[in-house]
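Visitor: Sequence and predicted model, in that order:
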Amino acid sequence: MDALSSAWKQSALTVALLSLYSVSWAADSTPKVTEEPIQTLKTLKLQANAPTNKNNDISAIAKTIINREEMLKYGDQSVSDALRRATGFQMPSATGPRGPGGASGMRFRGGGAPIFMINGEPVQGGPRGGMSIIDTLTPDMIERIEITKQPSVTQASVAASAVINIILKEPLQSSRLGGTARVGYGFNHSGASEEERKNVTLQMDGRDSPWLYSLSANQNWDDTTSITQTQTANQTRVQKNVSERKASMISPRLEYEIDDEKKVVAELFYRNHERDGSRSDQVQQDKNDSMRLNTRFERQVNKNSDKVRLSYEKQNETELTRSPLSSQYIDQQIEELGLAYDGVRQFDEHRQIKFGLDTRSSSLESNTADTLDEQRYALYSEGSWRFTDQQTLTLGLRQEWIHRTGLVDYDDQNLSPVVAHRYNFNDHWSLQTNISQAFRNPKADDLLPTVSVSTDSDAGSLNNPDRGGNPFLRPEKITAYESTLGFNMPAGGVNITGFYRQIDDYIESVIQQENGRYVKRPQNQDHATTYGVELSGRYALKQTAQGHSWMLNSQLSTIRAKVEDDITHQDRLVSDVAPYSASMGLSYNYQPWQISTSANLSYTPEFTRALENQPYDRTSNERVNLDISATKRFKQGWATTLSARNLLSTDYKERLSDQSDGSLYQARTSQAIPSILFSVEKKF
């Protein structure tokens, strides 16, 4: 409690809390960006932490939407930039030792990464943790991002911590061709650390009835020199790390409107990611090459809809680690074929049902382990009933089957129920409650026993262990309770959410010694619980007669994640989940000058946790981060953007101390690098 009290005195958290109560909130949502009238944008009615009634959806399950206009106003350059304003997410530090930051590596409410989808179709990263497609998407390609934080059976999210569905942009103009071209350059220097970034993005789309088509492409180059310092009781070592990263993606999209009710869509994603790194006498070369094809048939008749989805994905990923003592090469391929159907029937304004099926077959091959074949099948149904003007009830069931052969051989099935209720006390106050029970089978790449060697001078240590899988993992059994109290007005809103998740056979990353080196592998723990409170709000001043508009958003998220030790049966806190995080954002737009600016401040406190099966405590330092962006638009579609990230970001520090006397065992410091990016764009 003393540590928590002192942390509350930190400036970033204090500002975040004061901002929640300094204005009158409301939940209607994100204000629109006023831009030069070059293109006509769709109008979306948004709500913060409240159901979004797209196509008259009356579901009681809450959904939050971030639309493209908001991303442009904030100067977002990626999906990660947009999600950093969403409540409850803990984004890993880019300088952290346990994996990269970015959208694919985020944590939510004490759990793992959420499920990502593109137009309702699940996407995935590489078998060895490579970047996924969503890390290469830019706001120019996106119409909106839908975040479902509470369990829903319709998107296989009943066992997930959250679902993030990215809806790609359709052509906005009636012309045959239009688009945006953007180039960016950034160079940063901090002590001995430096970073150079270059990117080129092209987004084109058009209409030629009944055809709609678009092409998105981007290319990124990122060269980084960073400094890592490792310390033990006897010595201190400084390590220089050099890496060169290249990432490219091209995504053509074609849509054919059969008539006013039916259409066919095909989307292709091709992505290539390469990373070459060197540390002292060790060289690391990673490559990921992937292709994904999504096709679907959609039918919309009044309030009823049908959607058939067919998808195919293939990934090739290699990892080469070389040093004077050893050389390791991992080559893995994953292939997946999916077929799904989703239907919606709305009988009247008070009754609605959603139903569908999902089938997937995949194969994961590796040069270091047996092939893993997997078949998944699912059926779901979700009904919503608004039985009074104030109350809506949603009931859902999802039945899943899974069959795995090869590396592991077992069959499993489970039934997951969901109950959600929403009560509107009046036009401003509402209470939404969600109860669910579900199972979560381990991911295929978590089952591979192959060890991936870590890098740096302290490779294979407790602070920087090697990574591997566990073929003996059992599925998690999850019971979740969640409730949100909201106060809404046209200008903004405030929401407070309490959540509690009870997990049997909890899958935790555990560090153990193998052949003289420490290796981190997923392992089942008998029992775990996560619970906490999230407080969020935003206030928007719509554009005045003088052309001023601004929006203020703030949030505070607390998380308590505990695991019951399978030997002592004593509770301990999960080692890498911060007790809380706070953030605040302010954006301002002045229409006469066509200037948009934004500033986002986040804070994570210092916290200490015991390591599982180890006689040490790990302490992670407090971190403050400030992101600023400014965009100036000119005539004829020209614009410039200056984005500054991690301006106040402190070095990432971890210290392992002996539990008996508090003495230093091992410490690691990764130097933070502020990031500045200048970009120029042209609309045509």
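Guide: Happy to help now that I have it.

Visitor: going forward, measure contacts and count neighbours with C-alpha atoms only.
Guide: Fine.

Visitor: helices or strands up against the strand or helix carrying residue 221?
Guide: Using DSSP states H and E, residue 221 falls within strand 211-232. The helices and strands touching strand 211-232, judged by 3 or more Cα pairs under 8 Å, 6 or more residues apart in numbering; DSSP states H and E, are strand 193-208, strand 236-257, strand 664-670.

Visitor: Give me the nearest residue to residue 360, chain neighbours excluded.
Guide: Nearest residue to residue 360, sequence neighbours excluded (Cα to Cα, 6 or more residues apart in numbering): residue 338, at 4.3 Å.

Visitor: Tell me what the one you found is bridged to.
Guide: residue 311, residue 360 (DSSP bridges).

Visitor: Next: the one 4 residues further on.
Guide: Taking DSSP bridges as the rule, residue 342 bridges to residue 307, residue 356.

Visitor: that older thread, ok, the residue nearest to residue 360 to residue 441 distance?
Guide: 18 Å (Cα to Cα, to the nearest Å).

Visitor: When the two are compared, which one has more neighbours?
Guide: Per other Cα atoms under 10 Å, whichever of residue 338 and residue 441 has more neighbours is residue 338, with 20 against 15.

Visitor: That one reaches residue 311, doesn't it?
Guide: Yes. With contact defined as Cα atoms under 8 Å, residue 338 reaches residue 311; the gap is 5.0 Å.

Visitor: what's the average pLDDT for the strand holding residue 221?
Guide: The pLDDT scores in strand 211-232 average 89.

Visitor: For residue 146, which phi and psi angles does the backbone take?
Guide: phi -100, psi 120 (degrees, to the nearest 10).

Visitor: any idea how far residue 181 is from it?
Guide: 26 Å.

Visitor: before we move on, which element is the residue lying farthest from the centre of the chain in?
Guide: The C-alpha centroid of the chain is most remote from residue 234, which lies 40.0 Å away (Cα atoms, centre = their mean). Assigned by DSSP H and E, residue 234 belongs to no helix or strand.

Visitor: for the record, mean pLDDT for stretch 544-551?
Guide: Stretch 544-551 comes out at a mean pLDDT of 83.

Visitor: same check, this time on stretch 438-445
Guide: Here the average pLDDT along stretch 438-445 is 84.

Visitor: Please point out which parts of that stretch sit buried.
Guide: Within stretch 438-445, the residues that count as buried by 16 or more other Cα atoms under 10 Å are 438, 439, 440, 442, 444, 445.

Visitor: The second one contacts residue 502, doesn't it?
Guide: Right, the one you point to is residue 439. No. Between residue 439 and residue 502 there is no contact under Cα under 8 Å: 11.5 Å.

Visitor: what is in contact with those two at once?
Guide: Jointly contacting residue 439 and residue 502 under the rule Cα atoms under 8 Å, 6 or more residues apart in numbering are residue 478.

Visitor: how about the strands in the stretch 301-450 of the chain?
Guide: 304-322, 327-348, 351-366, 372-385, 391-406, 410-424, 429-440 (DSSP state E, counting those that start in this stretch).

Visitor: Kindly report the same for the stretch 551-684 of the chain.
Guide: Along the stretch 551-684 of the chain, counting by DSSP E, counting those that start in this stretch, strands occupy 560-564, 571-573, 580-590, 595-604, 607-610, 616-620, 623-633, 638-645, 652-658, 664-670, 675-683.

Visitor: Tabulate these (a markdown table), appending mean neighbour count, distance to residue 548 and mean pLDDT.
Guide: As requested, those are arranged in a markdown table below (neighbours: other Cα atoms under 10 Å; distance: least, Cα to Cα, whole Å; pLDDT from 0 to 100):
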| stretch | mean neighbour count | distance to residue 548 | mean pLDDT |
| --- | --- | --- | --- |
| strand 560-564 | 21 | 41 | 88 |
| strand 571-573 | 17 | 47 | 87 |
| strand 580-590 | 23 | 5 | 87 |
| strand 595-604 | 22 | 10 | 87 |
| strand 607-610 | 20 | 41 | 91 |
| strand 616-620 | 21 | 41 | 92 |
| strand 623-633 | 20 | 15 | 88 |
| strand 638-645 | 19 | 19 | 89 |
| strand 652-658 | 21 | 39 | 91 |
| strand 664-670 | 20 | 41 | 89 |
| strand 675-683 | 19 | 24 | 90 |
